[in-house]
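> Return atomic coordinates for the entry below.
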Amino acid sequence: MSRSLSPWVAALLLIPFGAAAADTPKVALDPRVEARPDGTRELVIDARIEPGWILYASDFEQPQIGPRAARVTLAGGEQAQGPLHSVAPREGHGRSFAGEYRYTYFSERGQLRLPVAAGTGPVNGTLRAQVCFEDSGLCELVQQEIAAR
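Residues are numbered from 1 along each chain as shown. Just a heads-up that it's a prediction; the model follows:
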């Protein structure tokens, strides 16, 4: 019996695990905190979306089967002072075997805003959303940590 590896086994060992297209980020986030005139603050999340992909926005009623609306969960005891708001999203309509639904989304660029309590510290949290590639219908869930000052 030979102790050398066959060429196909050696080739498999050279392929990095998880090196698939699904591992590349589809959305790049640029979060910041803006002061408001009333003394409260607003978490502002600017999103750059890869060409051909869409990011579902936050301001639609999530259907049982269909797109997942963007949500932000704050960390460190921080409390939202209102709902997450999508700035100028596009509107779409879909249909599944559960019925018709309406959704909003961003293409190329988008902005989400969340009112937070007054303060001076950073705002940390997690964005949970969904992106889809329009040509193929491939969809992926997004979960990205946010740290804004």
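> Buried residues of the helix or strand Pro115 falls within, list them for me.
Here Pro115 is covered by strand 109-116, with elements defined by DSSP states H and E. Going by neighbour count (16 or more other CB atoms under 10 Å), the buried part of strand 109-116 is 110-116. C-beta coordinates here come from the backbone N, C-alpha and C atoms, glycine included.
> Could I get the CA-only coordinates of it as CSV?
C-alpha atoms of strand 109-116 as CSV (Å, rounded to 0.1, in the frame of the first residue of the first chain):
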residue,chain,number,x,y,z
ARG,A,109,-27.8,52.1,-1.7
GLY,A,110,-30.2,52.4,1.2
GLN,A,111,-30.6,54.1,4.6
LEU,A,112,-32.2,53.0,7.8
ARG,A,113,-32.9,55.3,10.8
LEU,A,114,-33.7,54.3,14.4
PRO,A,115,-34.4,56.9,17.1
VAL,A,116,-32.5,56.1,20.3
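> Name the residues that touch it?
Outside strand 109-116, the residues within contact range by CB atoms under 8 Å, 6 or more residues apart in numbering are 33, 36, 40-49, 55, 57-58, 70, 72, 74, 78-89, 123, 127.
> Can you flag the buried ones in those?
33, 41-45, 47, 49, 55, 57-58, 70, 72, 74, 78, 80, 84, 86, 89, 123, 127.
> in the protein, which spans are helices?
7-14 (DSSP state H).
> lowest confidence element among the helices and strands of it?
Ranked by mean pLDDT, DSSP states H and E, the weakest helix or strand in the chain is helix 7-14, scoring a mean of 36.
> Now Arg71: closest residue in space, sequence neighbours ignored.
Arg128 (5.0 Å; CB to CB, 6 or more residues apart in numbering).
> pLDDT below threshold where in this protein?
For the chain, the stretches with pLDDT under 70 are 1-24.
> quick one: the strands in it?
For the chain, applying DSSP state E gives strands covering 27-35, 41-49, 53-56, 71-74, 85-86, 90-96, 99-107, 109-116, 123-133, 139-148.
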